[in-house]
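# build me a structure from this.
(2 chains)
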Amino acid sequence: MKKEPILSVRNLKTYFYTEDGIVKAVDGVDFDVYQGETLGIVGESGCGKSVTSLSILRLLDEKGKIVDGSIIMEGKDLLKLSEEKMRSIRGNDIAMIFQEPMVALNPVFTVGDQITEAIVLHQKTDEVTAKKMAVDLLRKVGIPEPEKRVDEYPHELSGGMRQRAMIAMALSCKPKILIADEPTTSLDVTIQAQIMELMKELQREYGMAIILITHDMGVIAENSDRVVVMYAGKAVEYAEVKTLFNDPKHPYTWGLLHAIPRLDIEQQRLYNIPGVVPNPLKFPKGCKFNPRCEFAEEICRREEPELKQIEENHSVRCHFWEKVEEAKRAEVGERV
Amino acid sequence: MKPFVRIENLVKYFPIRAGVFKRIVAWVKAVDNVSFDIYEGETLGLVGESGCGKTTVGMTLLRLYEPTSGRIIVEDDDTTYYFLPGIKARSYLKKTYVNKFTKMVRDSGSIDDAISSLDGVDKKYAEIFFKRANGSPQAFISILLRGREEKRKQFRKNLQIVFQDPYSSLNPRMRVKSIVGEGLITHKLAQGNKEVVEKVSKTLEDVGISSDYLYRFPHEFSGGQRQRISIARSLAVSPKLIIADEAVAALDVSIRSQVINLMRDLQAEHKLTYLFISHDLSVIKHISDRVVVMYLGKVVESAPKSILFDNPLHPYTKALMSAIPIPNPNIEKKRIILKGDVPSPINPPSGCRFHTRCPVATDICSAKEPDLVEVGPQHYVSCHLVKEGK
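Numbering: from 1, shown residues only, chains lettered A, B, ... in the order given. Model prediction:
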């Protein structure tokens, strides 16, 4: 029995046409999102993970263009919809929460105003009912004294409370998909734990799908079902979470997993991925990772590898993924 | 092992001013009675959430802030009065040492008894007071104040800092050579341009930056490279202690591991002592020898790394550890979720400051503040319940 994905992204390409040249921020990303599941998108800064999420909602500025690919949600290609249709999807079917709740919330309106705006717009209710719903939502996301808080301004709330208010706003129309772009990055770890727990609870209750974008491998491991690893605008590996962490096939994924200090195992020395993330205006030829890859050969510098499916639910973009695995195993021995 | 730095009862309050006359209406109790040692050659990890005062401890240790009270002893010298204006320095020395020594002699009657009952910096200063100054407060104070300019310079040379944000901590109008070389010139560690260039190049190579980049500006470098330049700047004057204040927090994963490895290599090579301040327990675990955990201006637990991570005792340490996401989906762990936010340091909770969020708090916790007590070898915990063995 195969589940139908609620959202399928295929070969998405988003380019920015800047004065300095074309920035291929997203250049070939494929993934499926299933109902009630969490898809994690992980990568370092500049890898295109945020632009991917903005492309799904078509929230790019005038320099950014989606040049290729398709984003299918329930049989409709979001890229072909009119702007008016898209507006009825944003905030209603697909909602988003951002990294910086202080920037994402409007400082001159109360929290209640900002939540009711979406409710009134999408559910065609009157203000009074909408406000009642806002109070209920705030209670649901664990804000104490919601009757009082609903009339407060964002600056009166702490960081964690603001993020909860953002979640309340995103949930106001019971979206089918929630995109969370680094939702806990600016928060302390104890608050991060609270917010992630809240999101899991709400996901169980509403059955929505979550696209979780983060740079933190730990957050990914604990909260997602499937993972896309991105590097320089491309999806380099796509797998179920356990497969990805237990059996990474792309040298970049492997490197990332061994470059992080960990609480669960003893490490003598962290693995070094040499070099830096390439400048998006001057991406290397061939495989984008080749200048930093210890397995790179002539073909890697010449030819861009395809995203190959190597087993069910596991694809990787590397010419030598088989070799990589053998070599890594030999080198590392029994690490974990 | 002897402590390189000893921080005793450090307090730092910041005033909050309001109204036309900028009266002080309240105090932010950023650091409230914190004591710990940093041993020579070790890495001490200082960990806590935002607002716990970890950065303030680092800044006060460096005297970028003046402490409200407390003592900061570096290599058996009290450095607390180094940066105070003359009158304040005198009154500090009188209050801390002269009064104490004269009272001790009055009580015990014998100078030798008084000296032998002391240790460390107190003993050293008592000897100066009784032997070199013959018990005269004036002479004692002027001995200590003599050459204060030179002492300050040594202090500044020996203690260096690397800041969190490599974008704002390098002057955008200065070239790398001037950024790294400035300290060399100030401390007269290099004479003439040729020697400065030589030493700067050497330091840059040490941190993995090509010396071809000597005359570039900070904006021409990536975040990781800038952090390397920051490290080179502090390293150039051959310091003994480097305070790394969230030095790797702003860096990407692959760059972060490069910088962490670099810092460990430099430590071995130059016999450095680190005070590593971070909110990230995984990084702290990787790099530290001993760990101090802070919460709302207080030390709640401190221990050698292996003891702390194998057997955390304070409920806050436990919660903090359980909140760290582990990059391993095979581990199912029990998570302690703390309720609520960190309270404001302007009006901290009574008793134990953690009791408002503590999952196991009892009545005594809100009534009485727990002391930091030794529960095992070098393992200190500040909690009523741990003390009772629960």
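
# so the residue nearest to the spatial centre of chain B, which of the three states?
Nearest to the mean C-alpha position of chain B, by Cα atoms, centre = their mean, lies B:Gly58 at 3.6 Å. Classification of B:Gly58 using DSSP: H, G, I helix; E, B strand; the rest coil returns helix.

# now it. Nearest residue, chain neighbours left out?
Counting by Cβ to Cβ, 6 or more residues apart in numbering or on different chains, B:Ile243 is the residue found nearest to B:Gly58 once chain neighbours are left out, at 4.8 Å. The way it works is simple: take the backbone N, C-alpha and C, and place the C-beta from them, glycine included.

# so how far is chain A from the residue nearest to the centre of chain B?
18 Å (Cβ to the nearest Cβ, to the nearest Å).

# mind checking pLDDT for that residue?
B:Gly58 carries a pLDDT score of 95 in this model.

# got the contact list for it?
B:Leu46, B:Ile161, B:Ile243, B:Asp245, B:Leu275, B:Ile277 (Cβ atoms under 8 Å, 6 or more residues apart in numbering or on different chains).

# turn these into CSV, including secondary structure, distance to B:Tyr167 and neighbour count.
Output for these, formatted as CSV (DSSP: H, G, I helix; E, B strand; the rest coil; distance: Cβ to Cβ, whole Å; neighbours: other Cβ atoms under 10 Å in any protein chain shown):
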residue, secondary structure, distance to B:Tyr167, neighbour count
B:Leu46, strand, 23, 30
B:Ile161, strand, 16, 22
B:Ile243, strand, 19, 28
B:Asp245, strand, 15, 22
B:Leu275, strand, 23, 28
B:Ile277, strand, 19, 27
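
# closest to B:Gly351 out of these?
Each of the contacts of B:Gly58 was scored against B:Gly351 by Cβ to Cβ, and B:Leu46 proved nearest at 23.7 Å.

# wait, isn't that closest one in contact with B:Leu275?
Yes: because the distance of 6.3 Å satisfies Cβ atoms under 8 Å, B:Leu46 is recorded as touching B:Leu275.

# low-confidence stretches in chain A?
Along chain A, segments meeting pLDDT under 70 span A:1-2, A:327-336.

# name the residue of it that lies nearest to chain B.
Of all residues in chain A, A:Gly218 sits closest to chain B, at 3.0 Å by Cβ to the nearest Cβ.

# what helices or strands is the host helix or strand of that residue leaning on?
For A:Gly218, the enclosing helix or strand under DSSP states H and E is helix A:217-223. Judged by 3 or more Cβ pairs under 8 Å, 6 or more residues apart in numbering or on different chains; DSSP states H and E, helix A:217-223 is in contact with strand A:38-42, helix A:189-206, strand A:209-214, helix A:241-246.

# now that helix, how far from the chain's geometric center?
In terms of Cα atoms, centre = their mean, to the nearest Å, the centre of helix A:217-223 is set 12 Å apart from its chain centre.

# next, the angle strand A:38-42 makes with the next helix-or-strand element following it.
Moving toward the C-terminus from helix A:217-223, the next helix or strand (DSSP H and E) is strand A:226-231. Computed by axes from the mean of the first three to the mean of the last three Cα atoms, to 10 degrees, the angle separating strand A:226-231 from strand A:38-42 equals 20 degrees.

# which helices and strands does strand A:226-231 pack with?
Applying 3+ Cβ pairs under 8 Å, 6+ apart, one finds that strand A:226-231 contacts strand A:21-33, strand A:38-42, strand A:234-240, helix A:241-246, helix A:251-259.

# taking the centroid of chain A, which residue is nearest it?
Taking Cα atoms, centre = their mean, chain A has its central residue at A:Ile213, 2.3 Å away.

# burial check on the residue of the stretch 201-350 of chain B found nearest chain A, number of neighbours?
Taking Cβ to the nearest Cβ, chain A has its nearest neighbour within the stretch 201-350 of chain B at B:Pro325, 3.0 Å off. B:Pro325 has 23 neighbouring residues, counting by other Cβ atoms under 10 Å in any protein chain shown.

# gap between stretch B:102-119 and the chain center?
Counting by Cα atoms, centre = their mean, stretch B:102-119 is centred 32 Å from the centre of its parent chain.

# okay, buried residues for it please.
B:Met104, B:Val105, B:Ile111, B:Ala114, B:Ile115, B:Leu118 (16 or more other Cβ atoms under 10 Å in any protein chain shown).

# any idea how far B:Met294 is from the residue nearest to B:Leu296 when sequence neighbours are not counted?
In this structure, B:Leu296 finds its nearest non-sequential neighbour in B:Arg353, 4.4 Å apart by Cβ to Cβ, 6+ apart. As judged by Cβ to Cβ, to the nearest Å, B:Arg353 and B:Met294 stand 10 Å apart.
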